[in-house]
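**Student:** Return a 3D structure for these sequence lines:
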Amino acid sequence: MPPHPLWTELADLTLAQIELLHRHLDLLLEHNQRLNLTAIRDRQLGEVRHTADALTLLPHLGDASSIADLGSGGGVPGVPLAIALPHRRFTLIDSVAKKMDACRAMIDTLGLSNVDVIADRAENVDRKFDAVVARAVAPMKKLVAWSKPLLNDGGVLLALKGRTGPEEAAPFKQATVHRSPVGDGVIIELRH
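**Tutor:** The predicted model follows:
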């Protein structure tokens with residue numbers, strides 16, 4: 001199956017990576033029939049709103065080698081990023097064990113060796129990361145509070161937000177707001 005045009009516009013992907021991205025989306029939608037992992041149930045919409053949306057974070061990750069996906073839910077944006085960046089370590093964090101079990105199953109099926117899963121609240125995670133990514137988790141104020149203890153010095157929080165993103169970022173003077181190349185959302189970048 002060919003990739004969505006946005007995928008190849010956003011990332012330099014091999015055929016094997018494109019196949020894994022397709023397979024991840026299939027698995028996500030399959031698991032979503034049993035669990036509430038995502039409100040998006042349409043595959044074509046998922047190609048944009050899940051996969052392409054996740055890939056928009058690639059240029060903002062810089063040389064981060066350890067990346068946490070906070071409130072990962074169904075593994076987005078973490079799993080697509082892990083597929084695109086196979087030499088970096090990703091950790092999916094979500095407090096809902098059933099969602100993390102589904103992510104574990106997807107990761108195993110995909111054969112991804114660069115992804116770990118933690119079924120716990122962010123406040124209980126005792127690890128540090130170069131970057132924390134988040135999408136559709138919580139208001140910016142909460143994301144900053146939850147991610148700060150997880151970030152190494154010089155680390156970055158990257159939050160995928162909708163139209164209200166600029167207002168959410170306003171109280172954080174050091175935040176940079178980037179227009180997303182996908183849809184009408186933004187990427188909020190906040191260095192620690």
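**Student:** Wasn't L158 part of a helix?
**Tutor:** No - L158: not assigned to a helix; according to DSSP: H, G, I helix; E, B strand; the rest coil it is strand.
**Student:** With adjacent residues omitted, what lies nearest to it?
**Tutor:** Closest residue to L158 in three dimensions, ignoring its sequence neighbours and counting by Cβ to Cβ, 6 or more residues apart in numbering: V133, at 4.8 Å. Using the backbone N, CA and C atoms, a C-beta is placed for each residue, glycine as well.
**Student:** Give me the most central residue, the chain.
**Tutor:** The chain has P77 as the residue nearest its centroid, 1.9 Å off, counting by Cα atoms, centre = their mean.
**Student:** Quick check: it touching L58?
**Tutor:** No - P77 lies out of contact with L58 (Cβ atoms under 8 Å); the separation is 9.8 Å.
**Student:** I'd like the next helix or strand past the worst-scoring helix or strand of the chain on mean pLDDT.
**Tutor:** Here the helix or strand of the chain ranked lowest by mean pLDDT, DSSP states H and E is helix 43-46, holding a mean of 70. Going down the chain from helix 43-46, the next helix or strand is helix 53-55, by DSSP states H and E.
**Student:** Give me the contacts around that following helix.
**Tutor:** Residues outside helix 53-55 that contact it (Cβ atoms under 8 Å, 6 or more residues apart in numbering) are 6-7, 10-11, 76-81, 84, 135, 160, 180, 182-183, 185.
**Student:** L28 touches V76, doesn't it?
**Tutor:** Yes - if you go by Cβ under 8 Å, L28 and V76 touch, sitting 7.3 Å apart.
**Student:** neighbour count winner among the two?
**Tutor:** V76 (28 against 25; other Cβ atoms under 10 Å).
**Student:** Helix, strand or coil: sort out that one for me.
**Tutor:** Applying three-state DSSP: V76 is coil.
**Student:** Spit out the contact partners of it.
**Tutor:** V76 is in contact with 28, 38, 50-51, 53-54, 69, 135, counting by Cβ under 8 Å, 6+ apart.
**Student:** Can you tell me which of these lies closest to K148?
**Tutor:** D69 (16.3 Å; Cβ to Cβ).
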